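Trainee: structural data only, the sequence is not supplied:
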């Protein structure tokens, strides 16, 4: 279908994140069906001209256009950051203000992803009246996981947060509402403009600063509560999936857990353990680095860290220790179950 509308794809970074940005967009192009087109919009938080040339070389494809949108990071620097999250992460909150007026709908991807499925399928998802389509967060799946998970006792030790919005009761949010990850979003840009959501999102961060967890994701889940629809979990496989030792300990049923482990459609490296670091245990590290070799960074190698032997020991010892601890937990759980049955 040659007359299909192009997919509006948005991502962004500063100059420090250009290698993973190259992989994110290149993998989306590689997975795209032949009859689809991509209009790529990059929120430019300080990407150098040299890096832009390398990115364009990495994304060269007749189906793809690229537009750079300069974004000043100064307006975001008053918001909290961490060692692997900087002010650029807040750019997505103002996405509707930055995109050209002609763009009415867009897919947003964080710049630390590996796309393994045709984004045309995601684009074809009906938006309906939802301002946003997103994927439930693997690390904190509900506003109050303690009331929603039937296996809460088993899952709790591995959840990143039981209450990702600590003041949900004061805000009037239902305890059983799902909580989404902000790394992959299908946005009704027109609705965001009409509702002036950028203003409301930043006001939320200011007003509830003491409760903010996970940066801009707090504001997205508060302001868009009840205005978003959940997508197939495979569209945003969060790194926290691998924290759960088994499907029984995860927030998902066994068939869903198996599907997102075996066939993620987008892999999201949303933890400090990044595949461009020398030591990375993520199962898709090799796939990420293979994609790097197909970009203009094809000669890249991860930098050998300081205190190499200490880090090497931790890299190999920690997984073995975690496996041992998991086995001990299972033995204790089985023992308790037998005692209750008796």
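Mentor: Received the coordinates, thanks. On a predicted model such as this, the values are computed, not experimentally measured, just so you know.
Trainee: contacts, neighbours, all on C-alpha from now
Mentor: Will do.
Trainee: tell me the contacts of the spatially most central residue of the chain?
Mentor: Geometric centre of the chain, nearest residue: residue 183, 2.9 Å, by CA atoms, centre = their mean. Taking CA atoms under 8 Å, 6 or more residues apart in numbering, we find residue 183 in contact with 108-110, 236, 268.
Trainee: return a ChimeraX selection command for the buried portion of these.
Mentor: The ChimeraX selection below is limited to those of the contacts of residue 183 classed as buried (16 or more other CA atoms under 10 Å):
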select :108,109,110,236,268
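Trainee: got the domain ranges for the protein?
Mentor: Per automatic domain parsing, the domain ranges recorded for the chain read 7-303, 307-342.
Trainee: which stretch among the ones you listed is buried most, on average?
Mentor: domain 7-303 (a mean of 18; mean count of other CA atoms under 10 Å).
Trainee: that one: how far from the chain's middle?
Mentor: 3 Å (CA atoms, centre = their mean, to the nearest Å).
Trainee: state the mean pLDDT of it.
Mentor: Mean pLDDT, domain 7-303: 93.
Trainee: first-to-last residue distance for that domain?
Mentor: Across domain 7-303, the terminal residues are separated by 35 Å (CA to CA, to the nearest Å).
Trainee: can you list phi and psi of residue 291 for me?
Mentor: Backbone dihedrals for residue 291, given as degrees, to the nearest 10, come out at phi -70, psi -40.
Trainee: from what I see, it and residue 28 are in contact.
Mentor: No. The pair formed by residue 291 and residue 28 falls short of the contact definition of CA atoms under 8 Å, at 10.8 Å.
Trainee: what ranges does the stretch 151-300 of the chain have for its strands?
Mentor: Assigned strands in the stretch 151-300 of the chain, in chain order: 180-188, 228-230, 237-238, 266-268 (criterion: DSSP state E, counting those that start in this stretch).
Trainee: list the strands paired with the shortest one, with their directions.
Mentor: By that I understand strand 237-238. If you go by DSSP bridges, strand 237-238 pairs up with strand 266-268 (parallel).
Trainee: what sits up against the partner strand?
Mentor: 112-117, 183, 234-239, 284.
Trainee: check stretch 228-248 too.
Mentor: If you take CA under 8 Å, 6+ apart as the criterion, stretch 228-248 is touched by 130-139, 151, 154-155, 158, 180, 183-184, 250, 253-254, 257-261, 263-271, 282, 326.
Trainee: residue contacts, the closest residue to residue 228 other than its chain neighbours?
Mentor: In this structure, residue 228 finds its nearest non-sequential neighbour in residue 132, 4.6 Å apart by CA to CA, 6 or more residues apart in numbering. Residue 132 makes contact with 185-188, 224, 227-229 under the criterion CA under 8 Å, 6+ apart.
Trainee: from residue 106, how far off is residue 132?
Mentor: 10 Å.
Trainee: then residue 127?
Mentor: Distance from residue 127 to residue 106, by CA to CA: 11 Å.
Trainee: so what sits against both of those two?
Mentor: Any residue near both residue 127 and residue 106 by CA under 8 Å, 6+ apart counts here, and that gives residue 188.
Trainee: ok, the contacts of residue 183 vs residue 169, which is closest?
Mentor: Lowest distance from residue 169 to the contacts of residue 183 (CA to CA) belongs to residue 236, with 27.7 Å.
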